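Colleague: return a 3D structure for these sequence lines:
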Amino acid sequence: MDQSEYLNNENEPLLIIKKNFDIDSDHKKRQPSRLEWAQASWIRFVYFLSFSWLNALFSLGYKKILTDDDFDDLANVDKCSSLSNVVKPSDWSKKPTWKILTLIFWKPSLVVGLLLFLSIAFKVLQTFFFRQIINYVNYENPSLSTRTGYIYALIFSSSLIIEIWIQYQYLFRSLRLGMNIRIALTSVIYKHLLSVNLVSLQQASTAQTINLIARDTTNFEEFIIQMHYIWAVPLEAMIYFAFLSWLLGPALTFISYVVVFCFVSLQMLFSQGFTQWRSRVAEYSDRRIQAFHEIIHGSYVIKAYNWEKPMEERIIKLRQCESDNIRRAAWLRAINTGLFFTFVLFMILSLLLSARLTGKQILISDIFTALTCYTQIRTPITCYLPRFIEKLSGLKIAMKRIDEFMNLKTIQCRTLLTPFSDKPQSKNLIELRNASFSWNDSNMCLSSLNIIIEPDTFVGIVGPVAAGKSSLLKAILGELNLIDGELEVNTSSLSYSTQIPWIIADTLRANIILGKTFDKERYSSVIHACCLDIDIDAFGPNGDLIMIGDRGINLSGGQKARISLARALYTDADIYLLDDPLAAVDRKVARLIYDQCIGPNGLLSKKTRLLITHQIEFLAESHQTILLKNGRIVAQGRVTDLPLENRDIYQTNDDQLIMDDVSPSMLEIEQINMNSEKILSEEDLGSNTVSWSTWRSFFIASLRDYFELFLLILLLVIGQFFFEVSTYWLTTWSTSSYFHRSYITVKFYIYVALSLGAFMFSIIRAFYFSSFMLKQSNRLHQGMCTGILHTSLEFFESNPPGRILNRVSKDQQVIDEILPAAVFDAIQSVLIIAGAVIITGFTQPLTLLLQIPLALVVWIICRFYWRSICELIRLESVSRSPTYNLFVSSFSGLSTIRAFKLQDYFIQQFENKMDTNTRAYISMKAGSCWLGIRLDLLTSLVTCFIAVISIILRDKINRHLVALALLYSMKRLPIGVQQLVEAALLMTSTERIDAYARLPREDDTSDKQVLIEIPSNWPSCGAIEYRHYSLRYRSGLDLILKNINIYIAPGEKIGIIGRTGTFQVKEKSCLNTSSLICYAVYFPYLEYIYNITILLIFKQSSL
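Modeller: Reported below is the predicted structural model:
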């Protein structure tokens, strides 16, 4: 390809990633936010209340697979750019996290609290008119007319429907508020990361910082949803206390509330232990994720040294510690679950025992009214309050970690702009006066430096390894702590080429331009000067728009170094800091790059250049050379003036210098077939439903699991049976309207036995279920760990680190903590709904006439909802990975980002990726409300029907069964359906982790996988022979080594040479199975072994 040909298309987008979820698609005109449109006018407010603004999206999702392009634009208040502007990193210098968030988000939080208060008020109203209906049916006041009964039914039904509307508005607004706080915190953490001093950043590992946005900000979101229950639960309890005191009398109510106090005290006690275990889980989770991070970035070394097994054992130990603490926390949660399940039974039992002790008579209708009251406060007291305490414990840990990170010292940006001293600014471009620098507050790495660098000069920096050369450039950039002296940099325009090239997962052109405006002429001259034009031509039709994998996995070391240098040259700056850019290329190419870039006739000839190098021949034309040793200046001046006794530090053998004429033909390499779209694999979205094989592989992995699953289902059914029978037993005691002490008979003792049985089985099944789920979670984690470690390097090359870390962190957390609760609640909700349908159908057979068609409508709505919500949950899950990828990549390239002043560019990229995730997330959460409000309104029809039928047929029905039917009809269907849907959607995390467990194992080169015993003294000498050896990067690509025949005798020292791009480094790839070997390598002196493979040898010996 001609150079001008691939430069003509300067309007090509810099990100050529076809995944609709991986980049922001707002360059395409999106539809305005329907959510914002629905909120904008009272006329359209019904769309907002009913979540009908999602109808268009769900209709589209029913017809096709959803993509990011199908979403509306976000409302302005939900955009990351808007939220990041209200929270600033500087706020943490004066206030802790909770104060900052309170001052910013108190108004929407107040609205959410008001909605919760109204919801409580209408629930109390329901309870009051529930009693009125029961009393009317029981003829407690015979003078009441039929019209009055209908009014009671109307008010009861209306309050039920209004409370449903308010409840879902509260739920959605609290979810939205929590989401906004999470987004704001995530954004400010990323902003602060870009400004944190590298010295300070040593206190936080990559895994810890990833956990800040993966776990800690999520803790804030989860807490916000539960936050208002700290006042709402006591308020609701006091209101019902007053109501029950009026109904039953203060004495009986007080005694029953003593039981409530005992429940709350137990939960407070458990919360202390839960906080302790949660803190330990977070600690071991950080260490486990950090270990995975090291595995990802050290995959080549692990494969080369055959360290898969030791690394796997390390992960297993960390996981065991994490799992032990998860188990203890799960046990406490199991006890809370048992208390929740049997709360109402114990409250009624305490009420009846109190009546027995005090001799007070209680109306049977009042018992059922009390049962309704206890049912209403059961969830707040035994579920919401413990959950608030649980989330509060997680929040405290998250706040501490976020506060610590946000208080890390930031880079001394003013060193790049103004002098440290109050003296008049000098004409020198860079000046150091007795300057000493440190990576920490104690040990100095550079001492007493005195350097003057004038404009438009060429300065060489030489010295032995670890002399402080790179640290000097970091000091000029302001990355090191200035301990003593002064540093003056009289410009803010710097460009920087790092010693270890920082390459992002993007196109080659995007890596060079890196957020700057495309200048065709400048770009053309830069890639020519850096000798990249021949490489680009060899990349095939994609040219400079070829996709480069994370960390430049599909590039050679020389190519990465030249791209990093080209990035520095493309920036028009006053000072160029070049950290050994010529070390990764051969001498002829290095000479060519020097002449075209750095030398007196190069692109930078009129600029100030600081070049670190070990090749002294390139410093002959420098204006000044600085010789460093142990962080101090040993000598300074022209290279020819440096003392002879120090030249051995930096000088190379003159015989090695080949000063022949050089030309671009030296870089000619054979064109490589590299398909840019296949370098980074797209993250699999999976099918639109979770397959049964996923459920089966999670719950049934062995024959033993069949028995354990059967026992688990049996325990769940028995526990629910005890609960339903004990509730129904109340209606069988007597036809009398009163309960008094004479009723303490066998039936009462049966009720006590049933209640105790329900409590016992609820605890047993919760314990057994948590243990079962944790065992399955550990098995999945083990499989994922084994799969990652034993797959080929192609996996690490084609999957960004953020994507892998997303699964080992977020998805694993879902399986450990969220999925067990969701599955258990789903099963329990299904059993409760089944019991409610049976009880209402048995007590009021006419309701079956309504329940059957309603069941059909519910099935249609759920089917319509299911197709879209599955896609939404997958898009949300997958769109998280690019955010983590950018976060991890930015962590590695902080010096480059700051040197090029690209903070705003990367912040914008981060905000775009956050918005991509938010579009799927808010649609997913609102979708749950869309389903819930429709199913709740349908369920309310059954309740209203029973209320009206009870008024009409009050002379023909059992008045006690009326109360029971009304009570059970008020149990909400959406809770069960939503729990089922949530459990099914959360199973996508198991599917994603199981996919890693099923990764193809690294290819072996032999057809026979026979483990042959090798003598313990082998190898006794190091002979290696290649016979017709060929190698390719991966299947489907051309051979890069062809028909190699080499014999290496024992004791020989072999050097591998060649021009840039001739794959010298791949000669050793055959010995660590990093690529696909087409033919064999033989080890002489192992005569009786035939066709043994390299992988088997590495498993049995040490090379």
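Colleague: okay but residue 862 is in contact with residue 931, surely?
Modeller: Yes: contact criterion C-beta atoms under 8 Å: residue 862 and residue 931 qualify, at 7.2 Å. To be clear about C-beta, it is placed using only N, CA and C from the backbone, and glycine gets the same treatment.
Colleague: list residues touching both of those two?
Modeller: Common neighbours of residue 862 and residue 931, using C-beta atoms under 8 Å, 6 or more residues apart in numbering, are 977, 981.
Colleague: which one's more surrounded, these two?
Modeller: residue 931 (24 against 17; other C-beta atoms under 10 Å).
Colleague: relative to the whole chain's centre, how far out is the helix or strand the more buried one falls within?
Modeller: Assessed by DSSP states H and E, residue 931 sits inside helix 903-952. Mean C-alpha position of helix 903-952 versus that of the full chain (C-alpha atoms, centre = their mean, to the nearest Å) differs by 22 Å.
Colleague: cool, stretch 123-134 as well?
Modeller: On C-alpha atoms, centre = their mean, the centre of stretch 123-134 falls 45 Å from the chain's centre.
Colleague: what do you get for stretch 242-262?
Modeller: Per C-alpha atoms, centre = their mean, the centroid offset for stretch 242-262 relative to its chain is 46 Å.
Colleague: kindly report the same for stretch 94-105.
Modeller: Counting by C-alpha atoms, centre = their mean, stretch 94-105 comes out at 24 Å from the chain centroid.
Colleague: care to break the chain down by domain?
Modeller: 50-58+78-409+685-997, 418-491+624-651, 1024-1100 (automatic domain parsing).
Colleague: what stretches of the stretch 851-1000 of the chain score poorly on pLDDT?
Modeller: 956-976 (pLDDT under 70).
Colleague: any chance of CSV for the domains of the chain, columns distance to residue 507?
Modeller: Shown next, in CSV, are the domains of the chain (distance: least, C-beta to C-beta, whole Å):
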stretch, distance to residue 507
domain 50-58+78-409+685-997, 14
domain 418-491+624-651, 26
domain 1024-1100, 19
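Colleague: how about the most far-flung residue of the chain relative to its centre, secondary structure?
Modeller: The C-alpha centroid of the chain is most remote from residue 143, which lies 64.2 Å away (C-alpha atoms, centre = their mean). Classification of residue 143 using DSSP: H, G, I helix; E, B strand; the rest coil returns coil.
Colleague: from residue 903, how far off is it?
Modeller: 78 Å (C-beta to C-beta, to the nearest Å).
Colleague: now do residue 499
Modeller: From residue 499 to residue 903 the distance is 22 Å (C-beta to C-beta).
Colleague: then residue 984?
Modeller: 41 Å.
Colleague: likewise residue 817?
Modeller: 35 Å.
Colleague: compare those two and say which one has the larger neighbour count.
Modeller: residue 817 (20 against 17).
Colleague: any idea how far that one is from residue 697?
Modeller: Residue 817 is 20 Å from residue 697, by C-beta to C-beta.
Colleague: and residue 827, by the same measure?
Modeller: Taking C-beta to C-beta, one finds residue 827 at 19 Å from residue 697.
Colleague: now do residue 582
Modeller: 53 Å.
Colleague: looking at these two, which is more packed in?
Modeller: The residue with more neighbours, out of residue 582 and residue 697, is residue 582; 25 against 19, by other C-beta under 10 Å.
Colleague: so who does the closest residue to residue 619 other than its chain neighbours touch?
Modeller: Distance criterion C-beta to C-beta, 6 or more residues apart in numbering; nearest residue to residue 619, sequence neighbours excluded, is residue 460 at 3.8 Å. By C-beta under 8 Å, 6+ apart, the residues touching residue 460 are 611, 612, 613, 618, 619, 622, 624, 625, 626, 639.
Colleague: now the buried members of those.
Modeller: Buried by 16 or more other C-beta atoms under 10 Å: 611, 612, 613, 618, 619, 622, 624, 625, 626, 639, out of these.
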